[in-house]
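Asker: Sharing a model prediction with you, sequence too.
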Amino acid sequence: MAKLFYQDKPIIGLDIRNTGIKVMSIDSKRWLVLGYGSMDLEPIKVKESLEGNSPYLADNIRSLIKDGVVGTLASNHVVIGVPTARSYSRTFTLPASTEKNLKDAVILEAEQYIPLPSSTLYLDYEVVERNHKEITVLMSAVARRIIDRTIDAVEGAGLQAVMMEPSISSVGRVLTATEEGDLPTVIVDIGPASTDIAILDKGAIRVTGGIAIGGNTFTLDIAKHLNVTLENAHQLKVLNGLNAGPRQQKIASALDQSLSRMLAETKKVMRYYDERISSTRKLEQLLVVGSGSNVPGMGEYFTNALIMPARVASPWQKLDFGKLTEPPRQFRSRYIAVAGQALVEPRSVLS
């Protein structure tokens, strides 16, 4: 989590993914949405912006702010969510005596775990637990070039970045407040092209993983397996999904390979938490979020596969859109990360 500077001014959220951008402004005291909007992007052009000198990302952020917002935005100060797949997050324990030289210990851990030189990374860390014997440290790192190019694009669109964090951390902030996220919780965030998997415990993301399978993958699987158009496949996905019905067996068969790979990655993250992070705190629930969570029966699939309570998260009962036209129900889930960014308290952003 990189904190860039602080002024006592309202904050808005800006979530940047390879497939799109979202913006949201919230009165955090009332959980009242003041404004929101989204725009789909071309992944290849986003990559060119983040790794080269293309103005594509800046141009689209500017266009979204100018013409794509329902309601109003409280300021131009933004907390930015970056794709979790482009970041590295890790929780580890150290002897309490190392806290005096914690920065050196974190750099050493980063060099062992992250396949990039530490000199090419922005590193941030915080102590999330401590006792008289040891401390538990949460570390996040992102390539400097990605951060620098993202800030260039944001500022090129007339905004000022005050903080950056992996999008899964933003999701965790919302779930902590709305879905008993203080419990050890598995998060499965299904986006259009990829899925982020994380463990949320005591309000902090402890470990992350991911896989290049998302909601669009499901649509392609159904279209290919059932020999229907992409439009029909999408309708089958969001209307029938995995729920009981005459098409259940065919749709389940079409999605079997992708869901099995997603499940395997989820088990891998859970196993890492159990073996390396906490052997005493049992994982108690699984929450499905993201645009791909609109597949009926997804919660039941994970419940049956993992023998643990699983459901699609519904934080919208607390988030109030007031007099604004709400996003359609099938698109509401795409705003969970940007809501988490918009809920950051300005006074928590320290210089």
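Answerer: That came in fine, so what should we check first?

Asker: From now on I want contacts and neighbour counts done on CA atoms only, so please keep to that.
Answerer: OK.

Asker: State the helix or strand in which the closest residue to D27 other than its chain neighbours lies.
Answerer: Leaving out its chain neighbours, the residue that sits closest to D27 by Cα to Cα, 6 or more residues apart in numbering is V33, at 6.4 Å. If you go by DSSP states H and E, V33 is part of strand 32-40.

Asker: What helices and strands are in contact with that strand?
Answerer: Where contact means 3 or more Cα pairs under 8 Å, 6 or more residues apart in numbering; DSSP states H and E, strand 32-40 is packed against strand 20-27, helix 56-67, strand 70-71.

Asker: Swap in 7 Å and give it another go.
Answerer: Counting contacts by 3 or more Cα pairs under 7 Å, 6 or more residues apart in numbering; DSSP states H and E, strand 32-40 packs against strand 20-27, strand 70-71.

Asker: which residues sit in contact with the closest residue in space to A212 that isn't next to it in sequence?
Answerer: With sequence-adjacent residues excluded and distances taken as Cα to Cα, 6+ apart, A212 is closest to S194, at 4.3 Å. Residues in contact with S194 (Cα atoms under 7 Å, 6 or more residues apart in numbering) are 211-214.

Asker: can you pull the buried residues of the stretch of helix or strand V106 belongs to?
Answerer: Using DSSP H and E, the secondary-structure element containing V106 is helix 102-113. Neighbour-count burial for helix 102-113, counted by 16 or more other Cα atoms under 10 Å, picks out 102, 106-107, 110.

Asker: what's the answer for stretch 140-159, then?
Answerer: Residues of stretch 140-159 classed as buried: 140-143, 146-147, 149-157, 159 (neighbour count, 16+ other Cα under 10 Å).

Asker: Residues in contact with that stretch: which ones?
Answerer: Residues outside stretch 140-159 that contact it (Cα under 7 Å, 6+ apart): 1, 50-51, 57-59, 61-62, 76-78, 86-90, 120-125, 160-161.

Asker: Would you mind measuring from the residue of the chain positioned farthest from its centre to F302?
Answerer: Going by Cα atoms, centre = their mean, the residue of the chain most distant from its centre is P246, 34.1 Å out. Using Cα to Cα, to the nearest Å, we find P246 at a distance of 21 Å from F302.

Asker: and P115, how many neighbours?
Answerer: Look at P115: counted by other Cα atoms under 10 Å, it has 9 neighbours.

Asker: And it, its phi and psi?
Answerer: Main-chain dihedrals, P115, degrees, to the nearest 10: phi -80, psi 40.

Asker: Let me see the contact set for it.
Answerer: No contacts exist for P115 under Cα under 7 Å, 6+ apart.

Asker: how close does it get to A85?
Answerer: According to Cα to Cα, P115 stands 14 Å off from A85.

Asker: which element is K250 on?
Answerer: Using DSSP H and E, the element containing K250 is helix 248-272.

Asker: that older thread, what does the residue nearest to A212 show for phi and psi?
Answerer: Torsion angles at S194 (phi, psi; degrees, to the nearest 10) stand at phi -150, psi 170.

Asker: please begin residue numbering at 23 from this point
Answerer: In the new numbering, first residue 23, that becomes S216.

Asker: And it, how far from T172?
Answerer: From S216 over to T172 (counting by Cα to Cα), the distance is 20 Å.

Asker: Chain neighbours aside, what residue packs nearest to Y357?
Answerer: Per Cα to Cα, 6+ apart, closest to Y357 is K44, 7.0 Å.

Asker: V104 too?
Answerer: P188 (5.0 Å).

Asker: Equivalent analysis for S50, please.
Answerer: What sits nearest to S50 in space, not counting adjacent residues and going by Cα to Cα, 6+ apart, is L365, at 5.5 Å.

Asker: quick one, phi psi at A165?
Answerer: Main-chain torsions, A165, degrees, to the nearest 10: phi -60, psi 130.

Asker: oh, I was asking about K51
Answerer: Per-residue torsions, K51: phi -70, psi -30 (degrees, to the nearest 10).

Asker: And stretch 323-340, how far out from the chain middle?
Answerer: 17 Å (Cα atoms, centre = their mean, to the nearest Å).

Asker: Identify each buried residue in it, please.
Answerer: Buried residues in stretch 323-340, counting neighbours by 16+ other Cα under 10 Å, are found at 323-325, 332-337.

Asker: how much space is there between the residue lying closest to D223 once chain neighbours are set aside and T200?
Answerer: Leaving aside its chain neighbours, D223 sits nearest to P206 (4.4 Å; criterion: Cα to Cα, 6+ apart). Distance, P206 to T200, by Cα to Cα: 14 Å.

Asker: hang on, isn't V196 packed against G362?
Answerer: Yes. Judged on Cα atoms under 7 Å, V196 makes contact with G362 at a distance of 5.3 Å.

Asker: Between those two, which is the more surrounded one?
Answerer: Counting neighbours by other Cα under 10 Å for V196 and for G362 shows that G362 has the greater number, 27 against 23.

Asker: And that one, its phi and psi?
Answerer: The phi/psi pair for G362 (degrees, to the nearest 10) is phi -60, psi -40.

Asker: Surely the residue nearest to D223 touches A220?
Answerer: No. Applying Cα under 7 Å, one finds P206 not in contact with A220, separated by 10.5 Å.

Asker: which one of those two has more residues nearby?
Answerer: A220 (26 against 23).
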